[in-house]
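Chemist: Give me coordinates for this.
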Amino acid sequence: MTRPSFLAAPQLLTFAGFAGLLVAWELIARLALGDLYILSPPTAVVLRIAEDLPLYGRALGTTVSEALLGFLFGNLAAIILAMVVVTFPPIERLAQAIALVIFCLPLVATGPILRVIYGPGWGPQITLAALSVYYTTFVPLVVGLRAVPPSWLDLIASYGRGRLTAMFVVRVRASLPYLVASLKIAAPAAFLGAIVGEFTGADRGIGVLGIQAMRTLDVDGTWALATIASAVAMIGYALVGWGGRLLSIGDPPTLLVSPSSKAPKALWQRVGLAIGAPLLSMTVILFLWQVSMDGLELSRFFAKRPGDVWAYLVAGSQAAAHRGELFSALGETMIVTVPGYFAGLALGAVLAAVFCLLPTVEKIASPVAIALRSIPIVATAPLLVLALGRGQVGMLVIVAVMIFFPTLVACLHGLRQAPGQVIDYFDSFRAPPLTQLFLARGPAMLPSLFAAARMAVPMAVLAATVAEWLATGTGIGNLMALTSSTSNYNMLWSCVTVLTLVSVTGYALVAMLERRVLSHFAPEQVT
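Modeler: Predicted structure coming up:
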């Protein structure tokens, strides 16, 4: 008698992973950490959810609605922007710069400002949810829109068709796997953005209940809310993955793109581009900042202009003291953000390689990975700080956890973009899996890895500042929380400006390295 096929189904391994996670959680909570009262067992969490189900249901409906709207608007903006910059390359640098600056704005600081602008209602929650997802979709989608063989574009041109035809007939189809991978990352991110928006003064939602639970040290309530949030984010992740499988277009093509043979630019051209492009981008961004504040007729008391920040940090009589306070707090944040950033990237890339080599391990361990990323950082940060302390170790773990899952998704997707013809070639020589990993799948992964590395820069800053804001009482996140509560908007806007510049600088450094590496391994990605 043959064994029923469902026993060997991948779903059974995933179920086993969930079951193992729950059993380990229960045992650790009951035996190892129970006396510390920082970890509630699943049984206690289920009982709390059952007791307060009507309350949680109403709050969840509000937060999910906000997250869905933000998910829709943010991803729609990302898709349109990606198609525009690929169709019209000359505007890419400026568009990328503006989009990057908006994405790098720290949510913990922009939330209170948006609350003042919007007033009561869903405005801040939807806006922060959209801001949380649009750039994480935009960057991989640009990579996907460029991942087409030049011969396909030549065929379109031979029929007398232009860029728009190439976009909708060739590039859009090639970009579908990249879009699905980015939407998987966006699902938990939108929920996080909505919760952060609720933290700024909303009257209902999961974030409001979370604040109340943390302030009253209600550990069971905090874990119940974290579990609900994780379940919702994981459902969104699964639904996007299911939709992606329906839209699958098969194995990716072999690109066969040789390194660029264009003559190098003259020295004056390279210097002009290196200096002129950033100056133009900065000028446009400052102009938009000033015009938006003036156009909305926002009070200078809370809506600071570029000149106000310059006077506060540079030209004013107390500027030196203000800079000292700000940069001292920034130094505390960067000490944990930088190593946490690299640890998260390394963990995500290594896990992706393991999952690619051992698919069974992926089915078992992926629920744990999804759960770690799906739990909103605003819920886990206080608990992780209680468990690991307020020192650098706890902060480093928080930053690494925030980064590793998007990196894992991106790298796993990239490893699977190795063309089937190339894998067949290695199989014909019976090349071992490790050889295929390093010589075929690894190079195919590089565009996705660098896209994840660029997106991870502001994510790392977000994770560190949220943890400081909620739990540690240190760093620039705590400084922003204090200045927001005391209405010191000069310092708050200065923190936003400096953090944005730090994120943009880190992003630019990663992008420089990316261009050098991809010019050899993926020339179609270099414009």
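
Chemist: From now on I want contacts and neighbour counts done on CA atoms only, so please keep to that.
Modeler: Fine.

Chemist: Grab the longest helix from this protein for me.
Modeler: Counting residues, the longest helix found in the chain (DSSP state H) is helix 319-357.

Chemist: That one - contacts with which helices or strands?
Modeler: Packing partners of helix 319-357 (3 or more CA pairs under 8 Å, 6 or more residues apart in numbering; DSSP states H and E): helix 359-374, helix 392-415, helix 442-467, helix 475-485, helix 489-521.

Chemist: That helix: how far from the chain's middle?
Modeler: How far helix 319-357 lies from its chain's middle: 14 Å, per CA atoms, centre = their mean, to the nearest Å.

Chemist: What count of nearby residues applies to residue 395?
Modeler: Neighbour count of residue 395, defined by other CA atoms under 10 Å: 28.

Chemist: ignore the last one, residue 511
Modeler: By the measure other CA under 10 Å, the count of residues near residue 511 is 16.

Chemist: Give me the distance between it and residue 87.
Modeler: From residue 511 across to residue 87, the span is 21 Å (CA to CA, to the nearest Å).

Chemist: Please apply the same query to residue 52.
Modeler: In this view, residue 52 and residue 87 are 52 Å apart by CA to CA.

Chemist: quick one: which of those two has more around it?
Modeler: For the pair residue 52 and residue 87, the greater number of neighbours falls to residue 87 (18 against 12), based on other CA under 10 Å.

Chemist: which stretches of the stretch 251-400 of the chain have low pLDDT?
Modeler: 251-278, 364-391 (pLDDT under 70).

Chemist: Likewise for the chain?
Modeler: Counting by pLDDT under 70, the chain has low-confidence residues at 1-14, 17, 32-38, 107-109, 248-278, 364-391, 470-472, 521-527.

Chemist: Helix, strand or coil: sort out the nearest residue to residue 182 once chain neighbours are set aside for me.
Modeler: Leaving aside its chain neighbours, residue 182 sits nearest to residue 137 (4.9 Å; criterion: CA to CA, 6 or more residues apart in numbering). Secondary structure state of residue 137, per DSSP: H, G, I helix; E, B strand; the rest coil, is helix.

Chemist: quick thing: my sequence starts at 18, can you match it?
Modeler: Let's use 18 as the start, then, which means that last one is residue 154.

Chemist: thinking residue 154 is in contact with residue 95, fair?
Modeler: Yes: counting by CA atoms under 8 Å, residue 95 is a contact partner of residue 154 at 6.0 Å.

Chemist: neighbour-wise, which of these two wins?
Modeler: Per other CA under 10 Å, whichever of residue 154 and residue 95 has more neighbours is residue 154, with 27 against 23.

Chemist: Count the residues that sit near residue 519.
Modeler: The tally of other residues near residue 519 (other CA under 10 Å) stands at 18.

Chemist: so how far is residue 117 from it?
Modeler: 12 Å.

Chemist: try residue 178
Modeler: 32 Å.

Chemist: Of those two, which one has the most company?
Modeler: Shown here are residue 178 and residue 117; by other CA under 10 Å, residue 117 has more neighbours (20 against 13).

Chemist: Double-check that one against residue 521; I have them as touching.
Modeler: Yes: the pair residue 117 / residue 521 is scored as a contact, 7.1 Å apart, by CA under 8 Å.

Chemist: Now for the nearest residue to residue 348 once chain neighbours are set aside: which residues touch it?
Modeler: Sequence neighbours aside, residue 492 is the residue nearest to residue 348 in space, at 7.4 Å (criterion: CA to CA, 6+ apart). Counting by CA atoms under 8 Å, 6 or more residues apart in numbering, residue 492 makes contact with 345, 346, 347, 348, 349, 350, 482, 485.

Chemist: Looking at these, spot the one nearest residue 259.
Modeler: Of all those, residue 482 has the smallest distance to residue 259: 33.7 Å, by CA to CA.

Chemist: related to what we said a few turns ago, with residue 201 as the reference, measure out to the residue nearest to residue 199.
Modeler: Distance from residue 154 to residue 201, counting by CA to CA: 9 Å.

Chemist: Same question for residue 57.
Modeler: Counting by CA to CA, the gap from residue 57 to residue 201 is 28 Å.

Chemist: Compare the two and say which is more crowded by neighbours.
Modeler: Per other CA under 10 Å, whichever of residue 57 and residue 201 has more neighbours is residue 201, with 25 against 21.

Chemist: List the contacts of the more buried one.
Modeler: With contacts defined as CA under 8 Å, 6+ apart, residue 201 is in contact with 253, 254, 255, 257, 258, 426.

Chemist: Who wins on neighbours among the residues you listed?
Modeler: Neighbour-wise, these (other CA under 10 Å) top out at residue 426, 23 neighbours.

Chemist: Report the spatially closest residue to it, excluding sequence-adjacent ones.
Modeler: Among residues not flanking residue 426 along the chain, residue 198 sits closest, at 6.7 Å (CA to CA, 6+ apart).

Chemist: cool, and residue 81?
Modeler: Sequence neighbours aside, residue 208 is the residue nearest to residue 81 in space, at 7.1 Å (criterion: CA to CA, 6+ apart).

Chemist: need the contact list for the one you found.
Modeler: When contacts are counted by CA under 8 Å, 6+ apart, residue 208 touches 80, 81, 84, 146, 246, 250, 393.

Chemist: In PyMOL, how would I select just the buried ones from the contacts of residue 492?
Modeler: In PyMOL, this line selects whichever of the contacts of residue 492 come out buried by 16 or more other CA atoms under 10 Å:
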select buried, resi 346+347+349+350+482+485
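
Chemist: if we can go back for a sec, which of the helices or strands spans the residue nearest to residue 81?
Modeler: helix 189-216 (DSSP states H and E).
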